[in-house]
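Chemist: Based on what follows, work out the 3D shape:
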Amino acid sequence: MNKSGKSPFDRRDFLKVATGGVGALMAGSAQAQAQVAESLAAKPAADASATGPASLPPVRPGSDFMIDVIKQLGFEYVSVNPGANFRGLMESAVNYGGNKNPQLITALHEETAVAMAHGYFKIEGKPMGVFMYGTVGMQHAVMAVYSAWCDRVPVIMFVGNDIDMADRSSRVDMAHSAQDVSALVRSMTKWDDAPVSLNGFAEAAMRGYKVAMTPPYGPVVVSIDKYLQEGPIPEGSKLVIPKYSPTKAPQGDEESLAEAARMLVNADLPVIIAERAARTEAGLKYMVELAELLQAGVVDTIQRMNFPSRHPLRQTGGVVSQADVILSLENPLLWSAVHAPENDDFGAPASSPSRLQPGAKLITISSLDLFSRSNYQDFGRYQAVDLSIGADAEESLPALIEQIKRQMTSNRKAAIQARGAKLAEAHARADAQARTQAAFGWNESPISTARVAAELWAQIKDKDWSLISRSDGMAGWAQRLWSFEKFYHHIGQSGSVGIGYNSPAAVGAALANKKYGRLSINLQNDGDLMFCPQVLWTAAHYQVPMLTIMHNNRSYNTEFMEIQRCAGREHRDISAAAIPTKIDNPPIDFAKLAQSMGWYAEGPIENPGEVGPAIKRALAVVEKGQPALLDTVTQPT
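Modeler: Residues are numbered from 1 along each chain as shown. Below is the predicted model:
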């Protein structure tokens, strides 16, 4: 189509071709129809899109060039919930692009599409694209966009729009168009653009990818006019795909890193708090090297897989109150970390006093200081520090390690080893305590979440596994009982702590794990799954192998306890808290839900003795390349 929305071909010529073809098929015998169908099927799709019917001139729409650009960026997958104002982009992806690099992954909801891309990145380390309706689709997707923003994850969204009012006529066209389609998510994205030419699209796509992949990472939006997609590429156009030029992550300056090293080397008890310090496998290696070099305690907030869970230097949040120097890495919630109660891993009430020792020094290395937004408050309360280094933590760790090695004396090494032994003892005590607590209620029904985690660990510990769910609920016990050592052993939290993230993000992560042959494990909260249950179909349709075990306590239990807290404070009936929070009349049959969408599933399982055998059967299904779900009815946590 041209800019006015009219076809460049004569309508009557098109009707001659179309009606003639239909008439021939209708008039012929069944054998003739079969021969025609066979000949059409044998003709490559690429030829058809390049030449079209014999009486029409060859046409290459702008969306073909857009797919060339997207291929240049190396997307493996693009998730999509189909929509009319980016139909040209989808058509070019499957016919011109061959539905490969990128392959379109059909999602049944835009929130699912974005959350899948979120989880995929945290395994693969590169973005997954999203094709989306720019108005109604974007409104569905907002929650997932927010989670990606809070989690500092790059999601590249290509959204359709009808820019020119003169091109619109129907109610759908009007309601599904906007002057500024990115306005809805501008406070939770790093960058957006609405190019009006094909070369402008090429530059916008390259710049968007570059911005998204420069720490701190974040989602970006490129809005594309429907008619820019569908209009023919003008004859003689000089279209150019710019070279992608990645930005090297910023490293801390030498002087500041030397000062940080001096403070850490001379500390009596340095503590490292890591939020998103390890962006890659290399980052995890640097974290271990740094901690062992200093024999420093490490508190991992589990927003990423920052540190091995069984390492003797891994500590609980209580160690912060003993530290004289604290190194905070990519942590927006440092205030909460240094004000939390002694037995809390950073859930500080707003009125909490500081628990730092007098004279304790704070050092931060964070790319978050280089880019932030003002509306959403995920950046936490302001915390004064002694040395603030605006740089990417992972990129700065090798240089910091070298500075520490230069300043480390033999006398300090001796003191450091004694410190490490004490930290190892504290770690061993916490580990033993976790195992003791896991035994409580072992044979009870509803089933103990600790038992589910322990039964599962016994069967996967010798496999190449990846936990692709958040670390609350049942997965919290996995963090305490399992041995997390490799970068992909855990993808971290959601960032926004919002419900609905886990199930689609887990499918995206499992999709990324598929080609590596890893066993993907999703410990799934019941309320969360019901926000995006349709993602089960996507996993089955694309044969994404993963094991999902339900934490089915038939309740929004956190909210149940919060309402009870309010009722207790007011001396009112705490049992009434069940009215808005229970999911039990009727209880949801998650096994039947999963089976209806093509999964192997068992349940509801209420006898704790049946958990181990059910896991064994489900793992056998997953190892054959299919998704499996176990609906375990569990105790509230």
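Chemist: What are the boundaries of the strands in the stretch 251-400 of the chain?
Modeler: For the stretch 251-400 of the chain, the strands defined by DSSP state E, counting those that start in this stretch cover 270-274, 297-300, 325-329, 361-366, 387-390.
Chemist: Same list, these, but as CSV with mean neighbour count please.
Modeler: In this view, the C-beta of every residue, glycine as well, is placed from N, C-alpha and C. Output for the strands of the stretch 251-400 of the chain, formatted as CSV (neighbours: other CB atoms under 10 Å):
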stretch, mean neighbour count
strand 270-274, 27
strand 297-300, 27
strand 325-329, 27
strand 361-366, 23
strand 387-390, 18
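Chemist: so where's the longest helix in this structure?
Modeler: Looking across the chain with DSSP state H, the single longest helix is helix 410-438.
Chemist: And the contacts of the helix or strand just after it?
Modeler: Moving toward the C-terminus from helix 410-438, the next helix or strand (DSSP states H and E) is helix 449-460. Residues from elsewhere that reach helix 449-460 (CB atoms under 8 Å, 6 or more residues apart in numbering): 437-442, 473-478, 481-482, 519, 521, 523, 549, 551, 608, 611-612, 615-616, 619, 632, 634-635, 637.
Chemist: helices or strands next to the helix or strand just after helix 449-460 in the packing?
Modeler: Per DSSP H and E, helix 449-460 leads on to strand 465-467 as the next helix or strand towards the C-terminus. Packing contacts for strand 465-467, counted by 3 or more CB pairs under 8 Å, 6 or more residues apart in numbering; DSSP states H and E, involve strand 519-525.
Chemist: roughly how far is the strand it packs on from the heart of the chain?
Modeler: 14 Å (CA atoms, centre = their mean, to the nearest Å).
Chemist: partners of that strand in the sheet?
Modeler: strand 465-467 (parallel), strand 547-552 (parallel) (DSSP bridges).
Chemist: mind checking which of the ones you listed is nearest residue 111?
Modeler: strand 547-552 (18.2 Å; CB to CB).
Chemist: relative to helix 449-460, how tilted is the closest one?
Modeler: 170 degrees (axes from the mean of the first three to the mean of the last three CA atoms, to 10 degrees).
Chemist: Would you mark the buried spots in stretch 74-83?
Modeler: 75, 76, 77, 78, 79, 80, 81, 83 (16 or more other CB atoms under 10 Å).
Chemist: ok, now which ones touch the last one?
Modeler: By that I understand residue 83. Under the criterion of CB under 8 Å, 6+ apart, the neighbours of residue 83 are 131, 132, 133, 136, 137, 160.
Chemist: Below-threshold pLDDT in the stretch 51-200 of the chain: ranges please.
Modeler: Applying pLDDT under 70 to the stretch 51-200 of the chain picks out residues 51-58.
Chemist: That one: helices as residue ranges?
Modeler: For the stretch 51-200 of the chain, the helices defined by DSSP state H, counting those that start in this stretch occupy 62-72, 87-91, 110-124, 136-150, 171-175, 198-212.
Chemist: Out of those, which is the most enclosed?
Modeler: Highest mean neighbour count among the helices of the stretch 51-200 of the chain (mean count of other CB atoms under 10 Å): helix 110-124, with a mean of 28.
Chemist: Can you spell out which helices and strands pack onto that helix?
Modeler: Against helix 110-124 (3+ CB pairs under 8 Å, 6+ apart) you get strand 77-80, strand 129-133, helix 136-150, helix 502-514, helix 535-541.
Chemist: Which among those is found nearest to residue 70?
Modeler: Nearest to residue 70 among the helices and strands packed on helix 110-124 is strand 129-133; the distance by CB to CB comes to 6.7 Å.
Chemist: any idea of the angle the closest one forms with helix 136-150?
Modeler: 140 degrees.
Chemist: list the helices and strands the longest helix of the chain packs on?
Modeler: helix 449-460, helix 474-481.
Chemist: and which of the contacts of residue 83 is nearest residue 332?
Modeler: residue 132 (27.5 Å).
Chemist: who touches the nearest residue to the closest one once chain neighbours are set aside in this structure?
Modeler: Excluding the flanking residues, the one nearest residue 132 by CB to CB, 6 or more residues apart in numbering is residue 159, at 4.6 Å. Neighbouring residues of residue 159 by CB under 8 Å, 6+ apart: 86, 131-134, 137-138, 181-182, 221-224.
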